[in-house]
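Okay, structure incoming, though there's no sequence with it:
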């Protein structure tokens, strides 16, 4: 206790903005572009990721607009193919994969561990530049005329038959992949080697645990995607038949390599989100997360199981019945650790003193939507159901429930939760609650009809559809409009709050994490003296005693 | 670092965010091991493809691998192991703070690395002359009708002969990726030599040399898998 020089100010009205913090410590554009500070790099990521999110979102809008009518009348079918390809590629590789780790993870992991920075600040900056380079490659392909392989780059379609900008795009993803590898590597080393005294593995916040598990996936999975893309590029350049069956190659090989990364990638996306939810739920129900170690281990279990389920993407592609059965079973196993998390969050909420702040609203949205997404995943893991539903809108709805309903809600929960820490200012309360509710309603209106559409047999990736599907498609497009408003609102009021928001103070939520015990925004070196972790994670009694102690000593 | 006064000497390489030099060294080494793990996964995809197709198009792979130049491959293996040995001596030199020895061993490592790449170039050139580089100019004539080329091999059926292209593609992809790692390694070596001459690594700060050593040994080890897989399996003396 004595080592801390940090003073928490429970009364927000007296809070003042600290004079020196990481934002104003240095000035000029160059000080940002050459920074080694993990917090500044997080902000760089936040800006660029938000940019790509809205580009990807614009394509989603165009897709829904085209599907308003049964005919392919807004754009021709090949243009539509480019729309959904760019939507998928940008959203997955440039938004969902880096979103929480690169922004919140980057910002918070060193602080949560009581470290001054990540282990390799220069590599951290390099990974932002790689991300940016990957994004620019992808946008270049877009400007040159787009790519229409679908985000999965399926061979031999991508290598031999489509005459669009596959090479530029795949290069972009390849480069962005290295950004992800380096981020994961940096996190793992930091978590192993940079913890402050007293910060044992089981005192770490669950946010850190979930990032640890996701980092393992990034480090082990992404290189396999990289080599799959290299082989696609070489095959396209030299016309060799590694994947082309007419030349003796095997398109299934590409599928194996691609999904060996891309299924775990789902957990790269969702695990950090789960970490955010654990923090938010604990804080706003003022309780230690029920079954802390079960939640921690379930992250690692999801990461491990995640590597053994890839073939469920290939059930209808001519794999053997026996392997399909085995992978069907393994796929269902991965639901177990996910369910452990949901149950533990529910038990945490039970008898907690719950308050419905904006992050908590997003967290509730996450739990509901992720549960629907997860349960429909079990449907799809079941071999017989999968054969009926695969490549229909049921799949689209399922992964949007997990990715958007889960991950994006968690991202927004996290951004709102740590916004006061990152910027030192609060956002307008009622407007932010409105946007949370709007996006929840808009989301369900968009994707619930798609479950029905898929069940009725509407295939994905077509610009036109039979007229009897129109009512549900109109509903979905209407929902997408509401959802768009729900996503634009935070952009506006969070931007507004940067200048006009109320001063947040150190610990506006009265949370227990180390990040809340330092000033907001934090100083460049995070801690003036090395902190000592002398309490369990989510120990609210410790916080109450500490606050009492400080009030008496300060007063 | 036993002496009290030593502990207060902060080396210029010490980064501000580490509590101790020990922590910095451990973090760097751990990071390097993790990076090598990603490299294993990276090469793993190609090894997986190679084994799959080898099993599938066995005659094509056996015949095509017989055309590789086993002597150049074997000499290269020896060259690479020698360069790895020099690197290991270099790490030792840095640890016992012998600047001259460090610079010499690093230069030797570089020279053997360059010899490896030179021999590799000669092998690639040979493939070029035989039209064994995958792509439009790829020719299977030598496999369909070996006797016309004076080669005592069983001829392959035309469709199986086409599969040799997949062998050569994987050969170039794997050895090419390996060579790319060598080129990056040599570029790093040149930079390390320059810094070693300044005495950067013989003052107790050996982490970059150690970590580069790990990288260089990894490149060696990948070759020690590539050589038997590509050159040696099913090698038989030409009749």
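Received the coordinates, thanks. Owing to the predicted nature of the structure, the values given are computational and were not obtained by experimental measurement.

how about the residues of chain B that lie near chain A?
Residues of chain B lying close to chain A (CB under 8 Å from any CB of the partner chain) are B:15-19, B:23, B:26-27, B:30-31, B:34-35, B:37-39, B:41-46, B:48-49, B:52-53, B:56-57, B:134-136, B:159, B:162-163, B:165-166, B:169-170, B:173, B:177. Every C-beta, even on glycine, is put in place using the N, C-alpha and C of the backbone.

Tell me which of those residues fall in helices.
Residues of these located in helices (DSSP state H): B:23, B:26-27, B:30-31, B:34-35, B:37-39, B:41-46, B:48-49, B:52-53, B:56, B:159, B:162, B:165-166, B:169-170, B:173, B:177.

What subset of those is buried?
Among those, those classed as buried by 16 or more other CB atoms under 10 Å in any protein chain shown are B:23, B:26-27, B:30-31, B:34-35, B:37-39, B:41-46, B:48-49, B:53, B:162, B:165-166, B:169-170, B:173, B:177.

which residues does the residue in the stretch 301-450 of chain A that chain B sits nearest to contact?
Closest residue of the stretch 301-450 of chain A to chain B, CB to the nearest CB: residue A:307 (10.7 Å). By CB atoms under 8 Å, 6 or more residues apart in numbering or on different chains, residue A:307 lies in contact with A:217, A:220, A:221, A:260, A:264.

Contacts only, for the first one.
Counting by CB under 8 Å, 6+ apart, residue A:217 makes contact with A:184, A:264, A:265, A:267, A:268, A:271, A:303, A:306, A:307.

Now do the helix or strand harbouring it: distance to the chain's middle.
In the assignment (DSSP states H and E), residue A:217 maps to helix A:206-238. Distance, stretch centre to chain centre, for helix A:206-238: 16 Å (CA atoms, centre = their mean, to the nearest Å).

Show me what counts as buried in it.
Using 16+ other CB under 10 Å as the test for burial, helix A:206-238 gives A:206-236, A:238.

again, but for stretch A:457-475
Going by neighbour count (16+ other CB under 10 Å), the buried part of stretch A:457-475 is A:458, A:460, A:463, A:465, A:469, A:472, A:473, A:475.

From these, list the ones also adjacent to chain B.
Checking those against chain B by CB under 8 Å from any CB, not one of them is in range.

Now do the same for residue A:196: helix, strand or coil?
Here residue A:196 is recorded as coil under DSSP: H, G, I helix; E, B strand; the rest coil.

same check, this time on the one 3 residues further on
Per three-state DSSP, the local secondary structure of residue A:199 is coil.

Distance of the nearest residue to it once chain neighbours are set aside relative to chain B?
Leaving aside its chain neighbours, residue A:199 sits nearest to residue A:533 (4.1 Å; criterion: CB to CB, 6 or more residues apart in numbering or on different chains). Relative to chain B, residue A:533 is positioned 14 Å away (CB to the nearest CB, to the nearest Å).

How about the contacts made by residue A:533?
Going by CB under 8 Å, 6+ apart, residue A:533 touches A:114, A:195, A:196, A:197, A:198, A:199, A:200, A:203, A:514.

wait, isn't residue A:123 in contact with residue A:185?
Yes - Residue A:123 is within contact range of residue A:185, at 7.4 Å (criterion: CB atoms under 8 Å).

Show me which of these two is the more surrounded one.
Between residue A:123 and residue A:185, counting by other CB atoms under 10 Å in any protein chain shown, residue A:185 is the more crowded of the two (26 against 18).

The more buried one: which element?
Residue A:185 is part of helix A:166-193, with elements assigned from DSSP H and E.

any idea how far that helix is from the chain center?
15 Å.

That one near chain B at all?
Yes - residues of helix A:166-193 contacting chain B under CB under 8 Å from any CB: A:181, A:185, A:186, A:188, A:189, A:190, A:192, A:193.

For that helix, what does the pLDDT average out to?
Regarding helix A:166-193, the rounded mean pLDDT is 96.

same question, stretch B:217-233
Averaged across stretch B:217-233, the pLDDT comes to 95.

Near chain B, which residues of the stretch 151-300 of chain A are found?
A:181, A:185-186, A:188-190, A:192-194, A:219-224, A:226-228, A:230-231, A:234, A:238-242, A:247-250, A:253, A:256-257.

re the thing from before, tell me the angle of the helix holding residue A:185 relative to helix A:206-238?
Angle between the axes of helix A:166-193 and helix A:206-238 is 150 degrees (criterion: axes from the mean of the first three to the mean of the last three CA atoms, to 10 degrees).

Give me the helices and strands touching helix A:166-193, please.
helix A:106-113, helix A:121-144, helix A:206-238, helix B:21-56 (3 or more CB pairs under 8 Å, 6 or more residues apart in numbering or on different chains; DSSP states H and E).
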